[in-house]
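Novice: Model the following, please.
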Amino acid sequence: GSVEPTTAALAAHTGLTEDEVKAGLEALESFSTLSLDAELSAGEDGHSLADTLGDVDGSFDTVVDREAVKEGLRRLPERERDILYMRFFEDMTQSRIADKLGISQMHVSRLITRSCATVRAQALHQ
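Specialist: Numbering: from 1, shown residues only. From the prediction side, this is the model:
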């Protein structure tokens with residue numbers, strides 16, 4: 001039941017200016033929390049604070065993965081990089097790659113498997 005002191009009374013008691021006391025009182029308000037389920041103002045069709053927040057962007061994982069494999073791809077021999085490019089970026093089949101390079105489809109398969117394993121191992125150990 002006690003009465004809250006005025007800004008002037010706090011200033012006189014602490015030796016601060018009234019503006020400093022007001023700034024301090026405003027700072028104290030920053031410690032209050034608001035639930036993410038709290039509804040925004042009445043005119044907002046019942047939207048909660050959580051409705052205004054962003055969502056996880058799946059593209060971030062793609063960026064992280066690409067950055068993780070860059071160095072490993074640079075370290076591969078040029079022919080293996082070319083094979084991976086044809087397979088995964090030009091969407092060529094192993095048979096088409098084999099015909100283009102004059103090697104067997106089985107050899108292309110082994111090169112892709114080995115190259116991917118090498119790049120994966122290097123990305124995981126960085």
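Novice: So, low pLDDT: which residues of this structure?
Specialist: Filtered on pLDDT under 70, the chain yields the residue ranges 1, 42-44, 126.
Novice: What ranges does it have for its helices?
Specialist: In the chain, the helices defined using DSSP state H lie at 7-14, 18-29, 59-75, 78-88, 94-101, 105-124.
Novice: which outside residues touch the first one?
Specialist: The one in question is helix 7-14. Contacts made with helix 7-14 from outside it, assessed by CB atoms under 8 Å, 6 or more residues apart in numbering, are listed as 5, 16-18, 20-22, 25. (C-beta placed from N, C-alpha, C; glycine too.)
Novice: With the last one instead?
Specialist: Contact partners of helix 105-124, identified using CB under 8 Å, 6+ apart, comprise 68-69, 71-73, 75-76, 79-81, 83-84, 87, 94-95, 97-98, 101.
Novice: Same check on the third one?
Specialist: When contacts are taken as CB under 8 Å, 6+ apart, the neighbours of helix 59-75 outside the stretch itself are 81, 84, 118-123, 126.
Novice: Just among those residues, which is most surrounded?
Specialist: The most neighbours of any of the contacts of helix 59-75, using other CB atoms under 10 Å, belong to V119, which has 22 neighbours.
Novice: could you measure it against E78, distance?
Specialist: In this view, V119 and E78 are 14 Å apart by CB to CB, to the nearest Å.
Novice: Separate out the buried members of the contacts of helix 7-14.
Specialist: Those of the contacts of helix 7-14 that meet the buried threshold are V21, by 16 or more other CB atoms under 10 Å.
Novice: Adding distance to D55, write the contacts of helix 7-14 out as TSV.
Specialist: Output for those, formatted as TSV (distance: CB to CB, whole Å):
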residue	distance to D55
P5	46
L16	44
T17	45
E18	45
E20	42
V21	42
K22	38
L25	36
